[in-house]
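# Sequence first, then the predicted structure:
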Amino acid sequence: MPGGMPGGMPGGIQPPSSPPPQMVPPQPLASALAVDPGAISRCMFRYTYIWPRGGQGFWFYPVFVGRTSVSGFRWTGFFWIFSGFDLQRIESFSCF
């Protein structure tokens, strides 16, 4: 279903209205044990490429950053779905 959930998320938070960039950015140096919430909060409401620890990278659109987690919309290759991640599971990220 394009756009993820019907009617968007509670509170009126909507996924992006277009797909993320087609290119994959170069991976920055990995962080220490966990991504700093202050660092990734600069990426709020921006296309962000995430490299998880031990997994394949993906496009993400963060809408909330907590002390230990981030949530937002993940691009499946066809549409955006709402999801969240523990900051310790993120090796590195880059936002645009």
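Ah, there it is.

# residue closest to the middle of this structure?
Phe60 (2.7 Å; Cα atoms, centre = their mean).

# Which SSE is immediately downstream of the helix or strand hosting that residue?
Phe60 is part of strand 58-65 when elements are defined by DSSP states H and E. Later in the chain than strand 58-65, the nearest helix or strand by DSSP H and E is strand 69-75.

# Tell me where this protein has helices.
37-41 (DSSP state H).

# What sits closest to Leu29 if chain neighbours are left out?
Nearest non-adjacent residue to Leu29, counting by Cβ to Cβ, 6 or more residues apart in numbering: Ser92, 6.8 Å away. (Each C-beta comes from the backbone N, C-alpha and C, glycine too.)

# wait, the one you found sits on Gln27?
Yes: under the criterion of Cβ atoms under 8 Å, Ser92 makes contact with Gln27 at 5.8 Å.

# between those two, what contacts are shared?
Trp51 (Cβ atoms under 8 Å, 6 or more residues apart in numbering).

# More neighbours: the two, which one.
Between Ser92 and Gln27, counted using other Cβ atoms under 10 Å, Ser92 has the larger neighbour count: 16 against 13.

# what about stretch 77-95, how long is it end to end?
One end of stretch 77-95 sits 18 Å from the other (Cα to Cα, to the nearest Å).

# pLDDT of it, averaged?
Stretch 77-95 carries an average pLDDT of 95.

# now swap in stretch 14-30 and tell me
92.
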